[in-house]
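Enquirer: Generate a structure from the sequence data that follows.
(chains A and B)
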Amino acid sequence: MIQKIATWNVNSLKVRLPHVLDWLAAQRPDVLCLQETKLEDKAFPFAEIEAAGYHAIHHGQKTYNGVAILARSEAQDIVRGIPGFDDPQARVIAATVDGVRIVCAYIPNGQAVGSDKYEYKLNWLRALNAWLKDELTRYPRLALLGDYNIAPEDRDVHDPVAWRGQILCSDAERAAFRTLTELGLADAFRRFDQPEKAFSWWDYRMLGFQKNHGLRIDHILLSPALAADCTACAIDRAPRKLERPSDHAPVVAEIRA
DNA sequence: ATGGCTTGAGTGTCAAGA
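Expert: As a prediction, the model looks like this:
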């Protein structure tokens, strides 16, 4: 039974493994999706994760990207990458855990509006959308968790005027996010009352976290059947306060048993 | 002010992140 699912961009699992193990022990999620492991599969810390009581599946590469699903139950029907979308970058892993289809995604950053990387991001989002539309016909209980690299609305941005039209906030990126919600996927975080200025990422520079100069770019989207059973969603800022933190905080959703 | 910090690669100093 899945009761707690989470996502966390760890910005190098090699560096962040102690934080991840501590967080698993404290939170005991049923599923934790990781992004930016920055590891080849052969370097993934399977033994440490298993010792913590979790099965792990990984889709990695050297230096960049890399995604993993950690789960207390065994993952089934594992898919690496978006089927039919030729992509040298390891950004998606999906599997079924206790009857819930878990899709873990590290959506491209895009670097700058109008750049080649921006075009890649928008193409990537189109492929993701087409694939998920199909997945939803097969899996009524589906969750898309990850680093979307999109702040969906101005209230997800510490300084909306400065960020207007910029990367992570541009109209085309926000439209792509809405296309996902138009598949029926609900932003779990916005189904509940939340504090003002709630963010999931803060720049390492310029005291970004201390000043709460952040963005909400890490999300959990839920299919209608799963959203109906979702009882809470929150961002856990605690790991961002530790020594040598990831620049992202985990996002957690609770599902009724 | 296109800076500010962190990571990986690799041993110089750059690419990439968001």
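Enquirer: and stretch A:168-181 with DNA strand B, contact?
Expert: Yes - Stretch A:168-181 reaches DNA strand B (Cβ under 7 Å from any atom of the strand) through A:L168. C-beta coordinates here come from the backbone N, C-alpha and C atoms, glycine included.
Enquirer: Contacts for that stretch, please.
Expert: With contacts defined as Cβ atoms under 8 Å, 6 or more residues apart in numbering, stretch A:168-181 is touched by A:109-110, A:113, A:121-122, A:125-126, A:128-129, A:132, A:144, A:148-153, A:157, A:160, A:163, A:165, A:167, A:187, A:215, A:217, A:221.
Enquirer: Tell me how far A:P18 lies from A:T63.
Expert: With distances taken as Cβ to Cβ, to the nearest Å, A:P18 is found 21 Å from A:T63.
Enquirer: Tell me which of those two has more neighbours.
Expert: More neighbours surround A:P18 than the other of A:P18 and A:T63, with 12 against 9 (other Cβ atoms under 10 Å).
Enquirer: what about the longest helix along chain A, distance to the chain center?
Expert: When chain A is parsed with DSSP state H, its longest helix is helix A:116-138. Averaged C-alpha coordinates place helix A:116-138 at 15 Å from its chain's average position (Cα atoms, centre = their mean, to the nearest Å).
Enquirer: all strands in the stretch 151-257 of chain A, in order from the N-terminus.
Expert: Listed in chain order, the strands of the stretch 151-257 of chain A (DSSP state E, counting those that start in this stretch) span A:186-187, A:201-202, A:214-215, A:218-222, A:230-235, A:251-255.
Enquirer: Can you give the strand pairings for the longest one, parallel or anti for each?
Expert: Applying DSSP bridges, strand A:230-235 is found paired with strand A:251-255 (antiparallel).
Enquirer: Ok, the fourth one next?
Expert: Taking DSSP bridges as the criterion, strand A:218-222 sits next to strand A:142-147 (antiparallel), strand A:186-187 (antiparallel) in its sheet.
Enquirer: Could you single out the most deeply buried of these?
Expert: When the strands paired with strand A:218-222 are scored by mean count of other Cβ atoms under 10 Å, the highest mean neighbour count falls to strand A:142-147 (a mean of 27).
Enquirer: List the contacts of that one.
Expert: Taking Cβ under 8 Å, 6+ apart as the rule, strand A:142-147 contacts A:5-7, A:9, A:31, A:33, A:35-36, A:67, A:100-107, A:132, A:135-136, A:180, A:185, A:217-223, A:226, A:248, A:251, A:253.
Enquirer: which of these count as buried?
Expert: A:5-7, A:9, A:31, A:33, A:35-36, A:67, A:100-107, A:132, A:135-136, A:180, A:185, A:217-223, A:226, A:248, A:251, A:253 (16 or more other Cβ atoms under 10 Å).
Enquirer: coming back round to it: show me the one of the strands of the stretch 151-257 of chain A that comes nearest A:I78.
Expert: strand A:218-222 (20.0 Å; Cβ to Cβ).
Enquirer: can you dump the C-alpha coordinates of the closest one into CSV?
Expert: Written as CSV, here are the backbone C-alpha positions of strand A:218-222 (Å, rounded to 0.1, in the frame of the first residue of the first chain):
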residue,chain,number,x,y,z
ASP,A,218,9.6,20.4,-8.1
HIS,A,219,6.1,19.0,-8.4
ILE,A,220,3.9,15.9,-7.8
LEU,A,221,1.1,15.6,-10.4
LEU,A,222,-1.6,13.0,-9.7
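Enquirer: can you give me the offset of it from its chain's centre?
Expert: 7 Å.
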